[in-house]
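Novice: Sequence below, structure please.
(one chain, ligands or ions: 1)
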Amino acid sequence: MYVTLKTVLEEAERLNMAIGAFNTHNLEMLPAILKAAVNQKTPVIVQTSCGTANYVGHRNLVAVCRSMAEEYGVNVVLHLDHCKEFDEIRKAIDAGYSSVMFDGSALPLKENILGTRRVVDYAKTHGNVSVEAELGTVGGTEDGIVVSQAEVRYTEPSDAKEFVEKTGIDALAVAIGTNHGQYKSKTEINFERLAQIHSAVHIPLVIHGGTGVKDEDVKRVIDLGIRKFNVGTELLVGWNRKSKECYEKNKENVSNRENVMPCLEEIQSIVEHKISLFKNLQG
Ligand code: 13P
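Specialist: Residues are numbered from 1 along each chain as shown. Predicted coordinates for the structure are as follows:
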C-alpha cells in the first residue's frame, strides 16, 4: 500500500526498529529499492530531492510508487527530502507525496518553528501528509550544497522539545555528528547528545547522512530512538561504479538493459543489507 511516514514510523516505534529511507535520482532505481523491502519484509521510504521531483515529475513519481506498492505488495512512503521552499513543498503535497521534509535548519529557532508550522498546517489539511523537520545542522554535501564542519551545530535537546511542541511535526531530523555524502570515511556519532534528545522529545527521530554511519553503530542509534534512517550516497556510488564498469565492458550497440540491470542488482543488495540492519534483530 501507499502509506504515510507517520504510519510506518509508528510501526517502527512499536518494534524498536528503523525504516530505511533511500534517495532515488530517477524512476529506474525504484524496483530495486522496493524488491529489497519485499525480500526483507519491511515497509520502505522512497525519497527524492526537489531536483529529482522536478526532473521526473511529481505526479509521475506518485503514480509509479502507488502502482509499484500494489504490484509488489509492500508499504511504500514517498517523501520529499530537504526542502526549504514552501511552494516546492506545496507542489509535492498537491501531487500526492505522502510525506515531506521542511528544512529550516539554517534559520533562527523561531523562524524555523514558524516555517515548519506553516508546512504542518498545509500538510494536515491537504491529504493528511506527514511532516519531518530538522533542528541543528548536519554537515557535508547534499544536492551540491556544502555545509562545512565549522557550520555544524548539534541539535540542542531543550530547543528540540520546544520545537516539537510548537510545530506538531511527525518526525525530527537530528544533528548528532553525521554528514551528508560521507562515503570515504565513517562518522563519529555523539551518542550522548542523541540520548539527551531522545529523553527530551517523544516523536520518531531521523538520522541523515546514513552512508557514513558504521554498521556496528546502527543498533545503538535505533535503541536511542532513531526510526527513519536516510541513505543516499552509498546507492549513488554503487550505481555509478557498476555503471562505469558495464559501459566500459559492453559494446556500444548493446541493449541498455545490459548496462542498467547490474546497477539495479547493486542497489538492491545495498538496500537489503541496510534494511537487515535497520530491523534491529541482532543481539
Ligand atoms: P547520505 O547521502 O550521506 O547517505 O545521506 C542521505 C540523507 O541524509 C538524505 O537526506
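
Novice: longest strand anywhere in the protein?
Specialist: When the chain is scanned for its longest strand (criterion: DSSP state E), the result is strand 76-83.

Novice: Let me know whether it sits next to the ligand.
Specialist: Yes: applying CB under 6 Å from any ligand atom, one finds that strand 76-83 is in contact with the ligand at 81-82. The C-beta positions use only the backbone N, C-alpha and C, and glycine is treated the same way.

Novice: How far does that strand sit from its chain's centre?
Specialist: Counting by CA atoms, centre = their mean, to the nearest Å, strand 76-83 is centred 7 Å from the centre of its parent chain.

Novice: go on, stretch 153-161?
Specialist: With CA atoms, centre = their mean, you get 20 Å for stretch 153-161.

Novice: in that stretch, what counts as buried?
Specialist: 154-157, 159-160 (16 or more other CB atoms under 10 Å).

Novice: Which members of those residues occur in helices, if any?
Specialist: Counted as lying in helices by DSSP state H, out of the buried residues of stretch 153-161, are 157, 159-160.

Novice: ok, so of those residues, who is nearest Thr167?
Specialist: Distance ranking of these against Thr167, using CB to CB, places Ala160 first at 10.7 Å.

Novice: how far away is that closest one from Val201?
Specialist: 5 Å (CB to CB, to the nearest Å).

Novice: Check Glu252 too.
Specialist: 55 Å.

Novice: same check, this time on Leu34
Specialist: Counting by CB to CB, the gap from Leu34 to Val201 is 31 Å.

Novice: repeat for Tyr55
Specialist: 34 Å.

Novice: Between the two, which has more neighbouring residues?
Specialist: Val201 (22 against 14; other CB atoms under 10 Å).

Novice: what sits against the more buried one?
Specialist: Each residue near Val201 by CB atoms under 8 Å, 6 or more residues apart in numbering is listed here: 157, 160-161, 164, 172.

Novice: got those as JSON lines, with distance to the ligand and pLDDT columns?
Specialist: Shown next, in JSON lines, are the contacts of Val201 (distance: CB to the nearest ligand atom, whole Å; pLDDT from 0 to 100):
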{"residue": "Pro157", "distance to the ligand": "21", "pLDDT": "98"}
{"residue": "Ala160", "distance to the ligand": "18", "pLDDT": "98"}
{"residue": "Lys161", "distance to the ligand": "23", "pLDDT": "98"}
{"residue": "Val164", "distance to the ligand": "19", "pLDDT": "98"}
{"residue": "Leu172", "distance to the ligand": "14", "pLDDT": "98"}
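
Novice: which among those residues gets closest to Glu88?
Specialist: Leu172 (20.6 Å).

Novice: Check the secondary structure at that closest one for me.
Specialist: strand (DSSP: H, G, I helix; E, B strand; the rest coil).

Novice: Would you mind measuring from Gly115 to Val152?
Specialist: In terms of CB to CB, Gly115 sits 21 Å off from Val152.
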